[in-house]
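> Quick one: sequence plus predicted model below, questions after.
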Amino acid sequence: MDVLLLRPAPANERFGLGPFFRIEPLGMEYVGAALEDRGHRVALHDLRFSPPVERLMASVRPDVVGLAAMHALEIDDVIRVIRRVRRATPDVPVIVGGHSAAAYPAPFVDADVTAICLDDGERAVPALVEAIARGRPLDEVPGWLLPRQGRTAIRTRTPDADYALDEVPLPARHLVDRFRNRYACLHHRPAYLVETARGCPFRCSFCSVWPLFEHEFRARSIESVVQDMANVGSEVFVADDLFWHRSSRSLVLGQELLKRGVRKDWLLVQSRVDLVANHPELLEAWRPFAREFDIFFGLEAATNEGLAGLVKDTTVDRTTEGIAVARELGYGVTGNFVIDPAWQEEDFQRLWDFVDRHRLGRAGFTVLTPLPGTAYFDALRHRIRAVEWGQFDMHHLLWEPALGVRRFFELYCETWRRSVLNLKGEKKWWHWIAHARPRHWAHLTRVLLRTQKMLAVSHYLDEHRLADTPGFLQDAVSYSVRDEGHVSSALAERTVAPVAERAVEVD
């Protein structure tokens, strides 16, 4: 079969750090590797840089089209691409996968969608493509939601639980080689994305990772990770939601990489402050692996009350300890804080004091957003007054804040002005350029200029749009789901929740 995989271009990259992090579609590369292993022909196109969909359909003439919906803010963009695919080739099977589709499939229960992937794509997609190729009923393939006319969907049986990530040992990176120089993290370019593990055992209320994987944490083998790390370039972003989890495995992995002489110029990982505070020996062992080694922490709140409200299961003291350990061992510390629309002015002041006291100018700041697939989303659904999915980018308000819109954004922008992104602050443009290679100066300059919007109240006010009443999700239609075998209760609850058929009418 000829399979065309499409990574849609999110229209909403006006705010936030999106321009800083344009990374490769690693999940689709793993799917592509699994399909090629079965003998299928795969074309993977990143629509941020590719020709129009219509031209791709004409040149590839695919038997199956697969799209990735990685984040809620991309849902409208994915639906637009689906419509264009359907107009170009009305009868081609169209499948949708990715984190957002699996965590909250409801927007894609649509006659134009053949199937929605609820399982690991490396396993589920080849099985579905095989069924299409052989003319077998799709409801025999586990791990899928199959839309039907009349707002009815069939959920196929749950796959067996013994699937190992290493059944697809390495991603098919050659599928995006022509885009390689377009992938960047900060001023590091080209940047490679590497996955060593999947899932998270924690329970942060705003996060959709652990509900999707039901607290499960799976790791790739040491040999697979070492081989992948050896194959990629010198600038690497590790995709794991919780790096260094399972300390004994992490120590062995670091030792094996160093033993085989694998080194990088720059590495960025994501971890927790309490994990780092508990295991300084891990950071000491890993530090020689990269000349520059940055850690991104989900700091989230500057008070114990704030951390408890987000179910972070840690404390401010642990935040302080983790930061101190990382800095003492020569790691760069970056993080993110969540700003609640319910905040008063004194809440902003507490955050500013914390940032100043701990020298956290490299932190980012996002608006607390109920992401589909979380309990927080279910609890706040009745308040959401967004008019499109693009507003779920964590930099838009989805309902009126306690301080009023203008005052909230004034304080939000003041918060960003205290970060390193403020080119009028302590870190000027030439400080950024000094850390980048000359050939990357133009790219970095464009990105920095775009991020200055995050400091300007007018840009947020121009973008701010709320419906008069909570109707974006409340004017919803339920769709019925027929079970085909056993499914977990958590997955069932997410799948049958009443939702809008689609948020925005698309041409």
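Nice, I can see it.

> Other residues contacting stretch 53-64?
Stretch 53-64 is touched from outside by 1-4, 6, 43, 45, 47, 50, 65, 81, 84-85, 87-89, 92-95, 129, 132-133, with contacts defined as Cβ atoms under 8 Å, 6 or more residues apart in numbering. C-betas here are computed from N, CA, C, even on glycine.

> Which parts of it count as buried, going by neighbours?
For stretch 53-64, a neighbour-count test (16 or more other Cβ atoms under 10 Å) marks 53, 56-57, 60, 62-64 as buried.

> pLDDT added to those residues, as JSON lines?
JSON lines is the format used below for those (pLDDT from 0 to 100):
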{"residue": "53", "pLDDT": "96"}
{"residue": "56", "pLDDT": "96"}
{"residue": "57", "pLDDT": "97"}
{"residue": "60", "pLDDT": "96"}
{"residue": "62", "pLDDT": "98"}
{"residue": "63", "pLDDT": "98"}
{"residue": "64", "pLDDT": "98"}
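
> In strands, which of those fall?
Judged by DSSP state E, those include residue 64 as members of strands.

> So which of the buried residues of stretch 53-64 is the closest to residue 301?
Nearest to residue 301 among those is residue 53, at 41.7 Å by Cβ to Cβ.

> before we move on, the earlier item: mind picking the two most distant members of the buried residues of stretch 53-64?
Longest distance between any two of the buried residues of stretch 53-64 is 16.3 Å, between 53 and 63; criterion Cβ to Cβ.

> if we can go back for a sec, reformat the buried residues of stretch 53-64 into a markdown table and put distance to residue 200 next to each item.
As requested, those are arranged in a markdown table below (distance: Cβ to Cβ, whole Å):
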| residue | distance to residue 200 |
| --- | --- |
| 53 | 34 |
| 56 | 35 |
| 57 | 37 |
| 60 | 36 |
| 62 | 34 |
| 63 | 36 |
| 64 | 31 |
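
> Before we move on, what's the pLDDT of residue 486?
Here, the pLDDT recorded for residue 486 equals 34.

> same deal with the one 5 residues further on?
We note a pLDDT of 36 for residue 491 in this prediction.

> now swap in residue 21 and tell me
pLDDT recorded at residue 21 is 81.

> In contact with it, which residues?
For residue 21, the contacting residues are 184-186, 237, taking Cβ under 8 Å, 6+ apart as the criterion.

> returning to that earlier point: wait, which of the buried residues of stretch 53-64 is closest to residue 392?
The shortest gap between residue 392 and any of those belongs to residue 53, at 23.3 Å (Cβ to Cβ).

> just checking, which of the buried residues of stretch 53-64 belong to helices?
Assigned to helices by DSSP state H, the following of the buried residues of stretch 53-64 qualify: 53, 56-57, 60.

> now, among those residues, which is nearest to residue 367?
Sorting those by how near they are to residue 367, with Cβ to Cβ, puts residue 53 at the top with 31.6 Å.

> Quick check: the closest one vs residue 77, distance?
11 Å (Cβ to Cβ, to the nearest Å).

> Same question for residue 293.
The separation that residue 293 has from residue 77, given Cβ to Cβ, amounts to 34 Å.

> what about the longest strand in the chain?
In the chain, with assignment by DSSP E, the single longest strand is strand 290-300.

> Going by neighbour count, list what's buried in the helix or strand just after it.
Remark: after strand 290-300, the chain's next helix or strand is helix 304-309, criterion DSSP states H and E. Going by neighbour count (16+ other Cβ under 10 Å), the buried part of helix 304-309 is 306-307, 309.

> Next, format those as JSON lines and append distance to residue 204.
Written out in JSON lines, the entries for these read as follows (distance: Cβ to Cβ, whole Å):
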{"residue": "306", "distance to residue 204": "12"}
{"residue": "307", "distance to residue 204": "10"}
{"residue": "309", "distance to residue 204": "11"}
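
> can you pull the pLDDT of the residue nearest to residue 137 when sequence neighbours are not counted?
Taking Cβ to Cβ, 6 or more residues apart in numbering as the measure, residue 137 lies nearest to residue 131, with 7.3 Å between them; neighbours along the chain are not counted. Reading off the per-residue confidence, residue 131 sits at a pLDDT of 97.

> Repeat that for residue 377.
Predicted confidence (pLDDT) at residue 377: the value is 89.

> Relative to residue 106, how far out is it?
11 Å.

> Over to residue 81?
When Cβ to Cβ is the yardstick, residue 81 and residue 106 sit 18 Å from each other.

> Between those two, tell me which one has more neighbours.
Under the neighbour definition other Cβ atoms under 10 Å, residue 81 and residue 106 were set side by side, and residue 106 has more, 26 against 23.

> Kindly list the main-chain dihedrals of the more buried one?
With angles defined as degrees, to the nearest 10, residue 106 sits at phi -50, psi -40.

> so how many other residues sit close to residue 356?
Other residues lying near residue 356 total 11 when counted by other Cβ under 10 Å.

> Can you read off the pLDDT for it?
pLDDT, residue 356: 93.

> Residues in contact with the helix or strand encompassing it: which ones?
Secondary structure from DSSP H and E places residue 356 in helix 345-357. Outside of helix 345-357, the residues that reach it under the criterion Cβ under 8 Å, 6+ apart are 302-303, 316, 337, 339-340, 360-361, 363, 403, 407, 411, 414-415, 418.

> Quick one: buried ones out of those residues?
With neighbours counted by 16+ other Cβ under 10 Å, those contain buried members at 302, 316, 337, 339, 360-361, 363, 403, 411, 415, 418.

> Name the nearest of the ones in helices among the buried residues of stretch 53-64 relative to residue 141.
Proximity of those to residue 141 was ranked by Cβ to Cβ; the top entry is residue 60 with 23.2 Å.
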